Structure formats: structure tokens, C-alpha cells
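In: no sequence on this one, just coordinates:
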């Protein structure tokens, strides 16, 4: 996506490197390692800012921001006792989530079990009870998974192909034996094991193994050892290489998804919950700050108030937000809302921390990237 501060145009680029999302002033790529690098063009003084979400171990999906308009959360009983019911829909949290209580959001820790009460009213936000705290509220659907879903395991990477697996595993923080299991590229309904190993020249490379099924549904890589579940297969090869290139040591690192945006269009945020921390960019229409919305890191775009043609500039400034609200995708910067009731007018979006992509490639860690990696960015 190109968030051009001058005209609000947006465009989407191709997949980037190693699960890093790369956003430049021209394209917005994404690599599924789930470090995200965004560069938004906010005028000639600052080429943009690039941000990386690296908090948790699983690639967090984008959180589409949820709110309860008109304080509807007052109708929610926030201390409900859960009754035993064999028909309960139980999910498990894949990441920590610190919800905004004024929006009726439910906080939880990774591993908490959640009883889902309503998953149809809003696509991206489900009403749930945290079975640990007995509190009730809305949770981002991309932060949780069904209790028997493979995505609940740290080593399972859904929607990941062979090339993505290599990008994830070849990240500098991974070592020999780092692994993941993913859907097979060539055999629908089957899985593949991808493992990081050292070759004869002591250079890291990734090896891939097909996980097959017997007629009885047992999993195996070598027919000498079969397993009733993928977890049993993983546990076995963590203690016995048995034909693999090496022992499996630890799952490939994942990163948190982005919190989904609101369901109701342009959301008017509570200005009192916003705080500006640091100026990170300037443009023709105003300034961009790193800030907080409640406990959430955000980017705050502030419109200049001393312009002559104010009405035209307000429309042009908010036009970017109107376009962003219809663009809901993991590779696109997430709009959280706007503040238009007072001056200055704010647009509040997802925040990414690594600065301008151009500076990252010229002066930052990107100077040491291989050509193949930079080509993936493009």
C-alpha cells in the first residue's frame, strides 16, 4: 500500500521477505516471517516510517479495530459464571491481547480458553467469555483458534508455502534444528516439515520433508515410524533424528497479527484516550506522531490547522481514511479510526517501528541483506 500523505492514494505490492511486511512509498509487500516493515510517504522531508511488530512468537494477524458504539458495552455483564455445557464452543488464545475496556474488548493471555458466544454479528470480532477470568467482551478472531485446530501449535504455520517457510526459517535469530510444519504445496490435504540445517560449508539452508498418511490415517515421514497425530510426530523427532538432517530443536518464531479494524466504517475515537509521544514525519497536510490509543501503539496523523483552504484540505485529508476503511487485508496498514470533533483532526492507524524503508536499506540493518532478499522486497 502506498499511503501518500499528499493525495491519499493507495496501492498494494507483492510478497516480501521472510514474513516481513515491507511497505515502501511505491509498494507494500509482505513476507510471512511476520516482521513488518512499513514505509509511508509523508512528504519530502521524511520518506516515511517503517515499523516492525515483533512482540510475540506468532505472527499476529491484523486486528480490525472493534468498538461498541453508544457505550453498548454497558449492556454486557462482565462477570459471568460459566456453566457446564457439552455444546460450548471453546477456543484457545494464540497470543496475548490487551483489550480496550471502553470499547467492550476482552483481554486475555496466550493459552487462555475462551467460550465463544457470538461469532456472526461481526466478522472480525467475536463475543466471548474468558474461562480463566470469567469476564465477557469482544475478542479479535485472528488471535484465537479452535481448541483442536493445528494453528494452536506454535510449530504449525497455516497459509505458508515452501518459499515462505524458507524465508521464515532463514531469519538471523533461528538456529540449526528450527522447524515448522505447513500445508504441502503439491499435495492438497497433506503437510510438509521444513527444517533449518547447516550444509558442508557451514551455511544455513532449509530442508523439506513430505509428511504422508497411511490408509489408516497415521502420519509418517519414514514408514518405519508412524504416529496418530502430528504432535506425536514432532515429539518423536525432537529426541530422535531417525533419518532427518538433524534433531528438531524449537519451532520457528511467529509474530502477532494486527488487531482488526472497526466494523462500522469511519470510527470516531475518544480523543482523551490518545497521546502523542514522538514526531516521526511531516507532510503537506500535517505531521505524523508515534503515540498510544489506550494501551495500543498507534500512528497519529495530525492535520495542519493554519491552512487557507481548510474545507478542501479536510476533505482531502479524510479521503485517505475513507479509502483505508474498505481495505482489510493482512498486508495493508490497518485504520483504527479518526478524531474529527475538535481541532486538530487526527487519523489513527496501526504503528510500525522500524522507520523509513529507504533508510532501513541504506543505513540500517538492511545494508547487510542479500540480493535475493532485496529482490523479494520488490
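Out: Nice, I can see it. Bear in mind the structure is a predicted one, so any value in this text is a computation, not a measurement.
In: From now on I want contacts and neighbour counts done on CA atoms only, so please keep to that.
Out: Will do.
In: tell me the mean pLDDT for whatever helix or strand residue 138 lives in?
Out: Element membership for residue 138 (DSSP states H and E) is strand 136-140. If you average the pLDDT over strand 136-140, you get 91.
In: Now do it: distance to the chain's middle.
Out: 18 Å (CA atoms, centre = their mean, to the nearest Å).
In: Could you give me the buried positions within it?
Out: For strand 136-140, the neighbour count (16 or more other CA atoms under 10 Å) marks 136, 137, 138, 139, 140 as buried.
In: next one: stretch 356-364
Out: For stretch 356-364, the neighbour count (16+ other CA under 10 Å) marks 356, 357, 358, 359, 360 as buried.
In: can you tell me the average pLDDT over that stretch?
Out: The model assigns stretch 356-364 a mean pLDDT of 79.
In: Off-centre distance for it?
Out: Distance, stretch centre to chain centre, for stretch 356-364: 22 Å (CA atoms, centre = their mean).
In: same check, this time on stretch 318-331
Out: 16 Å.
In: now stretch 202-214
Out: In terms of CA atoms, centre = their mean, the centre of stretch 202-214 is found 26 Å from the chain centre.
In: ok, now stretch 295-305?
Out: How far stretch 295-305 lies from its chain's middle: 20 Å, per CA atoms, centre = their mean.
In: Now do the buried residues in it.
Out: Here stretch 295-305 shows 297, 298, 299, 300, 301, 302, 303, 304 as buried, counting by 16+ other CA under 10 Å.
In: same deal with stretch 226-235?
Out: Applying 16+ other CA under 10 Å to stretch 226-235 flags 226, 227, 230, 233, 234 as buried.
In: Out of the residues you listed, which is nearest to residue 205?
Out: residue 234 (20.0 Å; CA to CA).
In: dump the residue contacts of the closest one.
Out: Shown in contact with residue 234 (CA atoms under 8 Å, 6 or more residues apart in numbering): residue 248.
In: Also residue 248?
Out: Contacts for residue 248 (CA under 8 Å, 6+ apart) come out as 177, 178, 179, 195, 234, 237, 238, 239, 241.
In: Relative to residue 334, which of those is nearest.
Out: Among the contacts of residue 248, residue 179 lies closest to residue 334 (CA to CA), at 30.0 Å.
In: how close does that closest one sit to residue 272?
Out: According to CA to CA, to the nearest Å, residue 179 stands 45 Å off from residue 272.
In: Compare those two (neighbour count), which wins?
Out: Each of residue 179 and residue 272 has its neighbours counted (other CA atoms under 10 Å); residue 179 has more, 29 against 8.
In: hang on, that one packs against residue 253?
Out: No: at 9.2 Å, residue 179 and residue 253 do not qualify as touching, with contact defined as CA atoms under 8 Å.
In: neighbours of the closest residue to residue 241 other than its chain neighbours, just the number please.
Out: In space, and not counting its chain neighbours, residue 241 is closest to residue 247: 4.8 Å by CA to CA, 6 or more residues apart in numbering. Using other CA under 10 Å, residue 247 has 20 neighbouring residues.
In: doesn't residue 247 fall inside a helix?
Out: No: if the criterion is DSSP: H, G, I helix; E, B strand; the rest coil, then residue 247 is coil and not within a helix.
In: Would you map the helices across the stretch 201-350 of the chain?
Out: Assigned by DSSP state H, counting those that start in this stretch, the helices in the stretch 201-350 of the chain fall at 230-237, 310-324.
In: tell me the two of the contacts of residue 248 that are most distant?
Out: Among those, 195 and 239 lie farthest apart (CA to CA), at 14.7 Å.
In: List the beta-bridge partners for the nearest residue to residue 175 once chain neighbours are set aside.
Out: What sits nearest to residue 175 in space, not counting adjacent residues and going by CA to CA, 6+ apart, is residue 196, at 7.0 Å. Taking DSSP bridges as the rule, residue 196 bridges to residue 206.
In: hang on, isn't residue 196 packed against residue 206?
Out: Yes: using CA under 8 Å, residue 196 is in contact with residue 206, at 4.5 Å.
In: and for the two, which residues touch both?
Out: Jointly contacting residue 196 and residue 206 under the rule CA under 8 Å, 6+ apart are 169, 170.
In: about what we covered before: against which helices or strands is the strand holding residue 138 packed?
Out: strand 125-130 (3 or more CA pairs under 8 Å, 6 or more residues apart in numbering; DSSP states H and E).
In: Give me the more crowded residue out of residue 195 and residue 239.
Out: Ranked by neighbour count (other CA under 10 Å), residue 195 and residue 239 place residue 195 first, with 30 against 12.
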